[in-house]
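J.: Fold the stuff below for me.
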Amino acid sequence: MRIKGLVVTDKTERVFNFNKNTLYSADVILPAASKKSFAGVDINIFVHGDELVHLSNLYFSK
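T.: Next up, the predicted model:
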């Protein structure tokens with residue numbers, strides 16, 4: 001049943017659209033974070049407060 005769901009031409013189009021929509025969303029979010037480019041994005045715009053420092057250290061080592 002899963003093999004029937006894998007239609008390469010369909011999957012190619014879905015992956016393309018997913019990628020396009022992800023980049024569009026990033027372009028919308030970037031100005032909302034007061035950033036002009038992705039170079040200015042760092043962990044500090046996602047993690048605020050001492051309660052999340054542990055997670056920051058786990059996933060974004062400095």
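
J.: Endpoint to endpoint, stretch 41-52 covers what distance?
T.: 18 Å (Cα to Cα, to the nearest Å).

J.: any idea of the mean pLDDT for stretch 42-51?
T.: Stretch 42-51 shows a mean pLDDT of 68.

J.: With stretch 3-12 instead?
T.: 76.

J.: Quote the end-to-end distance of it.
T.: Note: stretch 3-12 ends 15 Å apart using Cα to Cα.

J.: Could you give me the buried positions within that stretch?
T.: By neighbour count on 16 or more other Cβ atoms under 10 Å, the buried set for stretch 3-12 is empty. (C-beta placed from N, C-alpha, C; glycine too.)

J.: Would you mind pulling the contact partners of that stretch?
T.: With Cβ atoms under 8 Å, 6 or more residues apart in numbering as the test, stretch 3-12 has no contacts from any other residue.

J.: again, 10 Å this time
T.: For stretch 3-12, the external contacting residues (Cβ atoms under 10 Å, 6 or more residues apart in numbering) are 13-14.

J.: That one: how far from the chain's middle?
T.: 24 Å (Cα atoms, centre = their mean, to the nearest Å).

J.: same check, this time on stretch 8-16
T.: Taking mean C-alpha positions (Cα atoms, centre = their mean), stretch 8-16 and its chain are 20 Å apart.

J.: again, but for stretch 25-45
T.: 11 Å.

J.: Just say helix, strand or coil for residue 35.
T.: Three-state call for residue 35 (DSSP: H, G, I helix; E, B strand; the rest coil): coil.

J.: quick one, phi psi at the closest residue to it other than its chain neighbours?
T.: Closest residue to residue 35 apart from its sequence neighbours, by Cβ to Cβ, 6 or more residues apart in numbering: residue 41 at 5.7 Å. When read as degrees, to the nearest 10, the backbone of residue 41 gives phi -90, psi 130.
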